[in-house]
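Q: Sharing a model that was predicted from the sequence below.
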Amino acid sequence: MTPTTQPSPAVDARIEASLGDLRIDAPRGLADRTLVAVGLAEAYAPIETAIGRIWVAFNGLGVSSVEAADSGAAFEARVLATRGRPAHRIEALPPRLATAIQRRLAGDRRVRVPLDLRGHSAFETDVWLKALEIPRGEVRPYGWIAAEIGRPKAVRAVGTALGHNPVPLIVPCHRVVRSDGMLGQYSLGGPANKRALLASEGLDPDRMEGLARAGVRYVGSDTTRIYCLPTCHNAKRISDRHRVLFRSAAAGVRAGYRACHACRPAMAA
């Protein structure tokens, strides 16, 4: 048997030197982009909205955080504290994502904005996904969401979940109001921002709260004999002459009216 020939130390050195010449540095930022792509880090950039500059963080799984921080550094710290992942600022959101978000904010519910909701409960996720269904320029009470997700007694828990919404604006929790019709609080800058957002969608917050203080919960049409939530697109088409106001769904039913199939007002009751 012929013994195997081992390369000499000099040959080893020459091979190692040749391989060293082939080494190149990784492109700048590759490590950060890789971590973002697999969801172990976030990239973020600002966008302009009806309430000013908002910061949006995302990764390969979807948008993970939307906040109105005072600065990029403050937003980074917040993302690290709440998501446990580092965030790296980029010049602007990727065009496809930016376009999808802007279309969503403009009221196009057909466009899909991917969301990264890891770490949140199934109940919270159900609440947020149901809020996604509320059309632009309309509102629904907390009780409506609770009933729609099959948890009619969890009205308070719905309010808590909406207060913890990590992606406001995209998940439009500003379109959810108190069960008495008053606007209520808002996690993205408070009630003033909520009013501004609703006004930007064509609603009149003062009129909405005026109806709430008067005890009006539903609006009916004496021609169609259908009652709706006051901001439903069908209710907006009712002329003053044919508008009938109800303090409860039961009052509408007793008057011979049926619930609107679009806004499903009976769920709010």
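A: Okay, I see it.

Q: for residue 153, what are its contacts?
A: The contact partners of residue 153, by Cβ atoms under 8 Å, 6 or more residues apart in numbering, come to residue 146. In short, each C-beta sits where N, CA and C put it, glycine included.

Q: mind checking the SS state of residue 101?
A: helix (DSSP: H, G, I helix; E, B strand; the rest coil).

Q: Could you tell me how many residues sit around it?
A: Per other Cβ atoms under 10 Å, the neighbour tally for residue 101 reads 23.

Q: Next up, phi/psi of the nearest residue to it once chain neighbours are set aside, please.
A: Computed as Cβ to Cβ, 6 or more residues apart in numbering, the closest residue to residue 101 that is not its neighbour in sequence is residue 113, at 5.8 Å. Main-chain dihedrals, residue 113, degrees, to the nearest 10: phi -110, psi 110.

Q: The stretch 101-250 of the chain: helices as residue ranges?
A: Remark: helices assigned in the stretch 101-250 of the chain by DSSP state H, counting those that start in this stretch are 122-131, 142-148, 155-163, 191-200, 205-213, 249-254.

Q: Buried residues, stretch 129-136. List them.
A: 130-132, 134-136 (16 or more other Cβ atoms under 10 Å).

Q: Using CSV, please lay out the helices of the stretch 101-250 of the chain together with mean pLDDT and distance to residue 38.
A: Formatted as CSV, the helices of the stretch 101-250 of the chain follow (pLDDT from 0 to 100; distance: least, Cβ to Cβ, whole Å):
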stretch, mean pLDDT, distance to residue 38
helix 122-131, 98, 21
helix 142-148, 97, 33
helix 155-163, 96, 28
helix 191-200, 97, 34
helix 205-213, 97, 43
helix 249-254, 96, 49
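
Q: would you list these in a markdown table and tack on distance to residue 266?
A: Listed next are those as a markdown table, based on distance: least, Cβ to Cβ, whole Å:
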| stretch | distance to residue 266 |
| --- | --- |
| helix 122-131 | 16 |
| helix 142-148 | 8 |
| helix 155-163 | 15 |
| helix 191-200 | 24 |
| helix 205-213 | 19 |
| helix 249-254 | 5 |
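
Q: ranking the ones you listed by burial, who's on top?
A: helix 142-148 (a mean of 23; mean count of other Cβ atoms under 10 Å).
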